[in-house]
Each structure stands twice: as structure tokens, then as C-alpha cells.
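Trainee: Dropping the sequence and predicted coords here.
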Amino acid sequence: MEILRSATALGLSWILAFPAPLALAQDAAPVQDASPGRDAALPQAAVTNLQPPGHRPDYLSTQLQGDARILHALNRFTFGPRPGDVEAVREMGPGNTGLDRWFDAQLHPENIDEADLNARLAEYPAMQWSARDLMFRMPSPAIIRQAADGKIETPGSGTLHAVYENQIYRFQLRKAAQAEKQTATANRGQTPAPAMQDPAMNTAPAMNAMTPAPAQNADQDRGRSARAEQVQAERADADEPLIASVLSLQPAERVQRLQQMQPAEFDSFIKSLRPAQRAALLAGMSPDLRESVEDLAAPEQTVVRELFAERLARDIYSNAQLQEVMTDFWLNHFNIYLRKNEQMPYYLVGYARDTIRPHALGSFEDLLEAVAHSPAMLIYLDNAQSIGPDSLGAYRAKMVNERRPNAKRQAPEGLNENYARELMELHTVGVNGGYTQADVTQVARVLTGWTVDRPQFGGDFQFNENRHEPGTKKVMGVKIKEHGELEGRELLHVLATRPATARFISRELAIRFVSDDPPQPLVDRMAKSYLASGGDIPTVLKTLFRSPEFWAASDSNAKVKTPLEYVVSAVRASNANVTNYEPLVNALRQMGMPLYGCVPPVGYKWDEADWVSTGALVDRMNFALSLAANRFPGITVGWAPEMDMSALDDNAPAMQVVPTPQSEEARLEQILLPGGVSDATRAAALKEFDAQNGQNPLMATPVVAPRRASRAPADAYEREDQLLAGLLLGSPEFQRR
């Protein structure tokens, strides 16, 4: 990434570290309202009906008006506005009716056109498979170990046969290398280090490998890169005839030729490819064929890469933005760590697709029950291993264990309280929700038997009666009679309908959409809506949307974007075309918010304090400069203004006003930050532009001059626009919402 080259750019970001949100809102250039007086469009009776009791009847007559009001809603209920979004909402109706109609439409994502998004998601057909199919067709490390040991049969022919052969070959290489290392260590009289399990068990790089973690020393990093490039060049020269012959084939023939290679030959071939050759290998392939090639190289990495790509594609390109924002909210609320075990990446595909997204704008109780039945959650918080101490399964296990020799006896399985505790503390009533440790134990007993059928093979939820604890349980004063799986359903209903849950969920939503410390009256009204509607999420969101607290000018731009919100909003504001999501994945990792990367179940925080630091702001600025300058492979952005050349004679020079830095900054500011920036930010951006752009920028005194179709000047102007756009994307105002 671009490294900041002056203290000015750092200062531009550092303004964010000690903000004054209200001052920022007041200093920023005001958004022009294209329809003055539009707030009078709704009848007074209609406005009154929208108001919560005890508040002034007109929730529309707050400090935010016109386009500023639209922009505020787009910043909070989407991943950031795209060029033209404010105008599109404005055109949905006069006054504030357009914004109300937009919000109501967002609450019904099933009616929103997603043709563009669906075309992009079609690039990842494997993301529609079940966990069982994924583990078989893109085999997990556990599947490969069993295949290598002869415990399961490998596919008999075709690409999938080659996938298994390649993975078994790599597994055996690693196993032999580990054994050799342990032998050498033992011969030196040292204690062998424990074997490290490689999640991918892969010696061949993926077709679109992720950027490795940065080296401790930049000189070492450059040295390793140079040596790696030299080795790759030597290998490529040796394999050049083979590479040329494969690349000359039609797409389907290329895949067939790759699957015919022996594992060692295939690995050598893949490692020999230069970036341009890798692109040529995949050129013209359908999504299915491309996945076959990636499967041959690194199946587990392919699953993870597509899991990330699909999520980012939805966040960036979905027109149902509120559904995606709420999906992100619930994925964080019901957090699951990607690397819990080898099966988790495969289970997370269905967890996001089938458990969270369909319920993101539905009933909280339905969502809670879907999560509780999810294999991903049962595995992540260990409930799949829990067994009732007095269950038939525990008794049988005890009998079997007692018949074993002492040396082979195993520690008995027991009651696991991990999910029970997090179900109450993080998912429903909250840490101050009125439960005790005894309640946690009782919840764990209720949920015994809620397990997963053969998780190493991608099995689904299973209720195992033999592992279920018999007898009546009592949770927070409520008796739950013995009734097998139905006990768990009754428990979830009890928790979902508790007033403490209503308050806890309402506060979490208010933190996400309003402020880091939301007003208690707002939380109380949201909780009241929750209880009155039976936990209907859209009803709670409507209460929030129609509250005066949400529209308070003092809270406008008061929320610092998380890294995910920042990266996605920058791509959306830039109107970028993304065909490779790896740079965005790597940027999120660099900024400290890798997708599905939060280890503890609490999830990532939404608070400003967690995301504002000198290093974090520099990372954001460098990302902005790189994005704007098209330095990320597979991500393209154009900044030049569109020109209508149809009326010009083909031989006549086009006449165009040569821009100045000030005029271009104003044009790009309107695209990227239609709410405007402060005078201080604008001055800092222009000062940094002058510092980085040298002494002789093309943008000089505005004149009308001929601009022929010459590539060099256009590219030069584009580079200057890229720098200005990058500075604006890194500005304090853009890092807030």
C-alpha cells in the first residue's frame, strides 16, 4: 500500500482521534436541499401517528432537514451511499415521504431488485452447497486424513479424484517432513516440538492466494520476495513448454489437462505460473470450471476465499442494504470464529446464508431458534459435546470406560455450559439480565442432546435423546418439564420474551444505529415496541427510525466507522468494480477486523474507542490512497468526469476547461462526501495534494483549451484526481457516519 509521504496526510487522519462531532457537523459545507419546504408534505395527523407517546408530535421537524436527512439515513442504515443514492431517495416522493418510502422498502428485501448482485454471486456456485457437499467436493483436512488412512473411499475418476489425489499427496509430504524433523530433533537429544496442524495441508499455493502476514523486518521481507521471485522464474523457465501447451487449450480442455497431471507435476506447474499466466489459465472459464481449478490447488482455501467474497459482494452491491447491515449486526451478535476447528469454514457458509440472513429482518425468537439449531453455533460453543450427567448416554459411556484397562480409560464427557452461558449473557438477557450461575447450569441441562450428526462430514443438527438430561429444570423461576427437544424450544421462547432481552437487544441496536451511548428513553421505547410486537425486528427498527433521538443533529456523523464499514463504504462511494475481493480481505485484516475473525464470542465492538488510534488511521489513509489510485488488482475506479463528445466533429479538438485542484476537489467532494467536509479538512487535503503532486501540477489556472484524444494528458489528470479522491476518502468526515 501507499505509505504516507508527509505529516499533512497523517494530520488529516489524526483530526479524527479527538473529534467534536457536533462541531464537525456545523463546520461542514451544508447539503443543498433540492426541495425547500418539503417537510410540510405529510399531513399533521399522519406525522402525529408516527410519534412515540410523550414526545412532540412532529418527529420530522428536527435539526436535520432535506438532503442532510436523507444522507444521515443512508449513512446509518446502509454501508454508505453510492453516487446518485441521495437523488434516488429524493425522487421516491416529495418531502420526507420519499425517505419514508425508501425505509419501508428496505424492510421488505424480498421485493427489491437484485439482478446485478445475483450476477456477481453467480461467480461462486459452491456457496449454494450444503456443508456436507462442500466437505466432500472441496475436501476438508479431516476428510483428506481419513482418505489417506483408507477410512473413506476417494472418488473414482474425474476432477474430484484428482483433487483428493493432490491433497493426499501433500498431506503425506507434510507428514513425512514432520516425522523427519521429529527424528532429527530426537537424535540431538531435544524434546520434539508438537506437530502443528496446517488447516489447508497444502504445499501448492492457491490460485488467488491471500497476502501473507507482513514480515518483522522490511529488508528481510524484500529479500524473501526477491529469492521467491528468482525461484519462481527459474521454475517457470523450466516448465515454459508445459505452461504454453496448457494455456493454448480451450477452457474445458485446460481443466481436463490439469486433472490428468500427477500431483507432483501439478504442484510444480501451479508454482511456476507468473501472475499473468495464472490469469490466462482462468481466462474464459465458467464459474464451475474456475472452481475446479482452484479446488485442485487448495480446496479449503477456496471455501474460505469464496465465503469472504460473497459477504463483501453483498455488502457492496446489494440494493437491500438494510438487510445486509442487519445480517452483519446479527453475525456479530451471534459471533462465530472461523478457525474454531477444521469444519467451521464449511459450516459458516450455511450459517450466514440459511440461519442469519433470512431471519435478519424477522422475528428475534425465530432467529434465536435458528441459531440454536445451527451446527456452526453448537460446535463453536461446544454444546454438541455436552451430555447430561444422568443421561442414558453418560451411563453407557461410564460402563464402557470401566471395562477398559486403567491406562486406556478416558476422561468422561460431561455437561458443557459454554453455550448456555453465552446464550444468556450475549444473545438474550445480557450480563445484568437477572440470571445466576444456577440458571446457567439449568440451561445447559435443558440443551443437552442438542448436537450435530457426524460434524467431520458436514452433518446437520441432531437431537440425541440418549444424551439429554432427564427431569424437570427451573430457569429464572420458570419450570420446564421433561419433554426432550421441546424443552429447548420452550427455553428459547422464555428467553426471547423476557423484558431484559427486549432491553438488551434494543440497546445493542441503538448503539449500532444511533450512538455509542444511546439515550435511555429511546432504548426504553424500542424495548416496549419489542415486547408489544413479540420481538418483531422491523417494528423495533421503525421505532428507532421514527424517534427524535435518531435525527438529532448532534448525533449526525457521531459514529466512527468500523474497518468493515469504512472499507465497504469507500468502495461504494467510489463506485468501484470489484472482481477480486482479496485486497479488501487483506485490508480488513490489516485494520484489525478480519471477517469471521473475532475469537471470543462477544464479537467486535461498535465503539469509537476500539477503532481510533494513530496506526489504525494511517492504515485507513493508505487504503484510501491505494483504492483511489487503482493499485489493488481486480478493483477498478474511474474519476474522470463524463464528457458528451457526440456533437463534436471527429477531426476537431475537444474543448474542455482545464481543472484546478480546487475545482476538482469540489467535484470529487460532491461525489464522495455529498454532506461536505470542514474548511480545515479541505485545506489539509489541498495542502497534501500540493506536497505530493510536485511543483508543476497539470491543474493550473482554469482556461478553455483543446484536449485531443491523447492518452498521456488524460492519464496525468486522472492521477491527480486519484490523489485528491484518496485524500478525501481518508478524511475525518468520511471515516464517520
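Mentor: That came through fine. Residues are numbered from 1 along each chain as shown.
Trainee: How are the strands of the protein distributed by residue range?
Mentor: Counting by DSSP state E, the chain has strands at residues 450-452, 461-463, 473-475, 478-480, 577-578, 635-636, 654-657, 704-707.
Trainee: give me the number of residues near Arg97?
Mentor: Check again: residue 97 is Thr, not Arg. 14 (other Cβ atoms under 10 Å). The C-beta positions use only the backbone N, C-alpha and C, and glycine is treated the same way.
Trainee: Over to Ser248?
Mentor: The burial count for Ser248: 10, using other Cβ under 10 Å.
Trainee: ok, now the one 4 residues further on?
Mentor: A count of nearby residues for Ala252, using other Cβ under 10 Å, gives 13.
Trainee: what pLDDT does it get?
Mentor: Here the pLDDT value assigned to Ala252 is 96.
Trainee: Wait, it touches Arg290, no?
Mentor: No - with contact defined as Cβ atoms under 8 Å, Ala252 does not count as touching Arg290 (11.5 Å).
Trainee: what sits against Gly597?
Mentor: Contact partners of Gly597, counting by Cβ atoms under 8 Å, 6 or more residues apart in numbering, are 337-338, 589.
Trainee: Quick check: phi and psi on it?
Mentor: phi -110, psi 10 (degrees, to the nearest 10).
Trainee: How much space separates it from His493?
Mentor: Distance of Gly597 to His493, given as Cβ to Cβ, to the nearest Å: 33 Å.
Trainee: Can you give me the domain boundaries for this protein?
Mentor: 1-18+607-645+652-737, 128-186+198-303, 387-406+414-496 (automatic domain parsing).
Trainee: mind giving me CSV with those domains and columns for distance to Asn96?
Mentor: Below are the domains of the chain laid out as CSV (distance: least, Cβ to Cβ, whole Å):
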stretch, distance to Asn96
domain 1-18+607-645+652-737, 17
domain 128-186+198-303, 40
domain 387-406+414-496, 33
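Trainee: quick one: which of these is nearest Phe513?
Mentor: domain 1-18+607-645+652-737 (9.9 Å; Cβ to Cβ).
Trainee: And the average pLDDT for that closest one is what?
Mentor: Domain 1-18+607-645+652-737 comes out at a mean pLDDT of 77.
Trainee: ditto for stretch 537-554
Mentor: Averaging pLDDT along stretch 537-554 gives 94.
Trainee: Not including adjacent chain positions, what is the nearest residue to Gln456?
Mentor: Ala142 (4.8 Å; Cβ to Cβ, 6 or more residues apart in numbering).
Trainee: Quick one: residues contacting the one you found.
Mentor: 342-343, 456.
Trainee: Please identify which of those is nearest to Asp516.
Mentor: Once Cβ to Cβ is applied, the member of the contacts of Ala142 that ends up nearest Asp516 is Gln343, at 36.0 Å.
Trainee: Tell me how far the closest one lies from Leu381.
Mentor: 14 Å.
Trainee: thinking again about what came up before, tell me, what's the model's pLDDT at the residue nearest to Gln456?
Mentor: 92.
Trainee: can you check the one 4 residues further on too?
Mentor: According to the prediction, Gln146 has pLDDT 94.
Trainee: Could you do Asp382 as well?
Mentor: Looking at Asp382, the pLDDT reads 97.
Trainee: quick one: contacts for it?
Mentor: Asp382 makes contacts with 416, 418-419, as judged by Cβ under 8 Å, 6+ apart.
Trainee: could these go into TSV alongside neighbour count and pLDDT?
Mentor: Converted to TSV, the contacts of Asp382 look like this (neighbours: other Cβ atoms under 10 Å; pLDDT from 0 to 100):
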residue	neighbour count	pLDDT
Asn416	18	97
Asn418	16	98
Tyr419	24	98
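Trainee: Pass me the low-pLDDT residue ranges in the stretch 451-600 of the chain, would you?
Mentor: Residue ranges of the stretch 451-600 of the chain with pLDDT under 70: none are present.
Trainee: Please repeat the previous calculation with a cut-off of 80.
Mentor: Applying pLDDT under 80 to the stretch 451-600 of the chain flags residues 553-556.
Trainee: The stretch 251-400 of the chain too?
Mentor: 400.
Trainee: Mind jotting down where the helices sit in it?
Mentor: 251-260, 263-272, 275-282, 287-297, 299-317, 321-333, 344-350, 364-372, 375-380, 392-402 (DSSP state H, counting those that start in this stretch).
Trainee: which stretch among those helices comes nearest Val612?
Mentor: Taking the helices of the stretch 251-400 of the chain one by one with Cβ to Cβ, helix 321-333 is closest: 18.7 Å.
Trainee: Check the closest residue to Gly98 other than its chain neighbours and give its pLDDT.
Mentor: The shortest distance from Gly98 to any non-neighbouring residue, by Cβ to Cβ, 6+ apart, is to Met92 (3.7 Å). We have a pLDDT of 95 for Met92.
Trainee: any idea how far Met92 is from Asp104?
Mentor: For Met92 relative to Asp104 (Cβ to Cβ), the value is 10 Å.
Trainee: repeat for Met476
Mentor: 37 Å.
Trainee: Among these two, which residue is more densely surrounded?
Mentor: Met476 (19 against 13).
Trainee: just to revisit the earlier point, by neighbour count, which of the contacts of Gly597 wins?
Mentor: Counting by other Cβ under 10 Å, top hit in the contacts of Gly597: Leu338 with 18 neighbours.
Trainee: Hmm, that one is touching Val349, no?
Mentor: No - Leu338 is not in contact with Val349 according to Cβ under 8 Å; the separation is 11.1 Å.
Trainee: Just confirm Tyr317 contacts Ala119, I think it does.
Mentor: No - look at Tyr317 against Ala119 with Cβ under 8 Å: they stay out of range, at 9.3 Å.
Trainee: which residues are common contacts for these two?
Mentor: Contacts common to Tyr317 and Ala119, judged by Cβ under 8 Å, 6+ apart, are absent.
Trainee: between the two, who's got more neighbours?
Mentor: More crowded of Tyr317 and Ala119, by other Cβ under 10 Å: Tyr317, with 21 against 10.
Trainee: For that one, which residues are in contact?
Mentor: 116-117, 120.
Trainee: Can you list the buried residues in stretch 271-282?
Mentor: 271-273, 277-278, 280-281 (16 or more other Cβ atoms under 10 Å).
Trainee: Out of those residues, the closest to Leu312 would be?
Mentor: Arg278 (21.2 Å).
Trainee: Can you tell me how far that closest one is from Arg404?
Mentor: 53 Å.
Trainee: again, but for Leu724
Mentor: Applying Cβ to Cβ to Leu724 and Arg404 gives a distance of 73 Å.
Trainee: Which of the two has more residues huddled nearby?
Mentor: Legend: neighbour count by other Cβ under 10 Å for Leu724 and Arg404, higher for Leu724 (26 against 10).
Trainee: who touches that one in this structure?
Mentor: 661, 664-665, 668, 685, 689 are the contacts of Leu724 under Cβ under 8 Å, 6+ apart.
Trainee: What is the burial count for the closest residue to Ala252 other than its chain neighbours?
Mentor: Of all residues not flanking Ala252 in the chain, Leu289 sits nearest, at 6.4 Å (Cβ to Cβ, 6+ apart). Leu289 is flanked by 17 other residues according to other Cβ under 10 Å.
Trainee: Quick one: residues contacting Leu289.
Mentor: Contacts of Leu289 (Cβ under 8 Å, 6+ apart): 251-252, 255.
Trainee: now the residues you listed as TSV including distance to Glu565?
Mentor: Converted to TSV, those look like this (distance: Cβ to Cβ, whole Å):
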residue	distance to Glu565
Pro251	38
Ala252	41
Val255	39
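Trainee: Mind picking the one among these that's closest to Gly430?
Mentor: Nearest to Gly430 among the contacts of Leu289, counting by Cβ to Cβ, is Val255 at 52.3 Å.
Trainee: From Thr159, how far out is that closest one?
Mentor: Applying Cβ to Cβ to Val255 and Thr159 gives a distance of 7 Å.
Trainee: neighbour count winner among the two?
Mentor: Val255 (24 against 18).
Trainee: and the gap between that one and Ser245?
Mentor: Taking Cβ to Cβ, one finds Val255 at 14 Å from Ser245.
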